[in-house]
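A.B. asks: Structure of the sequence below:
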Amino acid sequence: YGTPVEQATTPSLEALRAYSVGLRMFRTKGDEAAIPLYMQAVGLDPKFAMAYARLGLVYFRLGETALAIKNTKRAYELREGVSEQERLYIESHYYDIVTGDLDRSAQTYQLWQEEYPRDTVPYTNLGAIYLWLGQLDKALPEAQEALRLDADRVAMYANLAKDYTVLNRFAEAGQILEQARSRHLESAALLDFSYDLAFL
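C.D. replies: Got it, this is the predicted structure:
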């Protein structure tokens, strides 16, 4: 907890700026919008572990498996010296993206929730793991809590709409997508879910 920000993230102010804008784009515009900014961040600081970790996640979500593994492995290699919260982020994604050890990843997310109960990432990702494992009764509360904690992020709406759709609760999925539209949040995932819901 006492790690200075320049050590926990990057000593490059320019890289930190690009990364921060990338986070904002990821939260409001979705995965594709963040890639060039994360790439700029690692170009400015090739040892920027969190920028690699974020790139790994974005590529994973876009189905670019080789790029997801490459960037997540690089983040894992650089994880020494990052903050505790960043270490949990990097390790949890390493287990689910690189090794496929969903149980170990879920344990890391649970630990993360205990240590940082107001952080949305472990709720979002633990919910996704439960969904992958077919544990829908566990996935939905995680997605609901993530949206409660951060109602300004595209992924929260997409995840909750997905959970409701998988549970055949189409009216509730539609309400979640409408809430996202009313907040002027856009992403390919939200459009995909809107299409799927209209089709169903």
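
A.B. asks: I'd like the next helix or strand past whatever helix or strand residue 93 lives in.
C.D. replies: Assigned by DSSP states H and E, residue 93 falls within helix 84-93. Remark: after helix 84-93, the chain's next helix or strand is helix 102-115, criterion DSSP H and E.

A.B. asks: Now do the helix or strand following that next one: distance to the chain's middle.
C.D. replies: Reading on from helix 102-115 to the C-terminus, the next helix or strand found by DSSP H and E is helix 120-132. Using C-alpha atoms, centre = their mean, to the nearest Å, the mean C-alpha position of helix 120-132 is found 9 Å from that of the whole chain.

A.B. asks: outside of the helix holding residue 93, which residues touch it?
C.D. replies: Helix 84-93 is contacted from outside by 1, 8-9, 49-50, 53, 56-57, 60, 72, 75-76, 79, 82, 105, 108-109, 111-112, 115-116, 119, 121-122, 125, using C-beta atoms under 8 Å, 6 or more residues apart in numbering. Placement of C-beta: from N, CA and C, glycine included.

A.B. asks: Go again with 6 Å.
C.D. replies: By C-beta atoms under 6 Å, 6 or more residues apart in numbering, the surrounding residues in contact with helix 84-93 are 50, 53, 57, 72, 75, 76, 79, 105, 108, 109, 112, 116.

A.B. asks: same deal with stretch 180-200?
C.D. replies: Contact partners of stretch 180-200, identified using C-beta under 6 Å, 6+ apart, comprise 30, 154, 157, 158, 161, 173, 174, 177.
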